[in-house]
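> build me a model from this:
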Amino acid sequence: MSRPEYDPENVFSKILRGELPCQKLYEDADTFAFMDIMPRGDGHCLVIPKQPARNILDVEPASLAAVASTTQKLARACMKAFSADGVTIQQFNESAGGQVVFHLHVHVIPRFDGVPLKPHTGTMEDAGVLAANAQRIRAALAS
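Down below sits the predicted model:
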């Protein structure tokens, strides 16, 4: 069974090219991290490769390794920034696997004892809240 090809017009590709705004958290030669605009919890952010990859099924191993390293960096920063009790890392592949945006991405969500994840409603978070949460994570990354 053949899978669809990578679409360079996906929303994350547009963010990488600077065509759409985001609350940027971190960037290096291989990866980019930013706030999820429809967070399922405070501090919910995303890590993506700069290299085009639809998902884990077609990403180059070196690019996937870079994403894993940045995911760990963001997980640690989120734990610190929000004094979280834990962190959930999620990654979905193809529609049947729950993937909605077809550019490889990893969700990093700070978690708190007794607080369930919000449902994925498609409702965008207030820009001021995203900016404040982004600043907390950037500060934790810098310390």
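
> what's the neighbour count on Ala77?
26 (other C-beta atoms under 10 Å). From N, CA and C alone the C-beta is placed, and that goes for glycine too.

> oh sorry, the question was meant for Val87
When neighbours are counted by other C-beta under 10 Å, Val87 comes out with 20.

> select the longest helix from the chain.
For the chain, the longest helix by residue count, based on DSSP state H, is helix 61-82.

> partner strands of the helix or strand following that helix, with direction?
Per DSSP states H and E, the first helix or strand lying C-terminal to helix 61-82 is strand 86-90. Paired with strand 86-90 in the same sheet, following DSSP bridges, are strand 106-111 (antiparallel).

> so what does whatever helix or strand comes next after the strand it pairs with touch, helix or strand wise?
Sequence-wise, the next helix or strand downstream of strand 106-111 (DSSP H and E) is helix 127-142. When contacts are defined as 3 or more C-beta pairs under 8 Å, 6 or more residues apart in numbering; DSSP states H and E, helix 127-142 sits against strand 24-27, strand 31-35, helix 61-82.

> next, the buried residues of the longest helix of the chain.
Across helix 61-82, burial judged by 16 or more other C-beta atoms under 10 Å covers 63-64, 66-67, 70-71, 73-75, 77-82.

> what does stretch 5-18 give?
Buried, per 16+ other C-beta under 10 Å, within stretch 5-18: Tyr6, Asn10, Phe12, Ser13, Ile15, Leu16.

> just the residues contacting that stretch, thanks.
20-22, 32, 34, 46, 48, 50, 52-54, 58, 101-103, 105 (C-beta atoms under 8 Å, 6 or more residues apart in numbering).

> go again with 6 Å.
The contact list for stretch 5-18 (C-beta atoms under 6 Å, 6 or more residues apart in numbering) reads Leu20, Cys22, Ile48, Pro52, Arg54, Val101, Phe102, His103.

> try stretch 98-106
Contacts of stretch 98-106 (C-beta under 6 Å, 6+ apart): 10-13, 46-49, 53-55, 59, 71, 91-93.

> kindly report the same for stretch 79-92.
Stretch 79-92 is touched from outside by 42-43, 75, 78, 98-99, 106-107, 109-113, 136-137, 140, with contacts defined as C-beta under 6 Å, 6+ apart.

> if anything else comes up later, I'll come back, but that's it for now.
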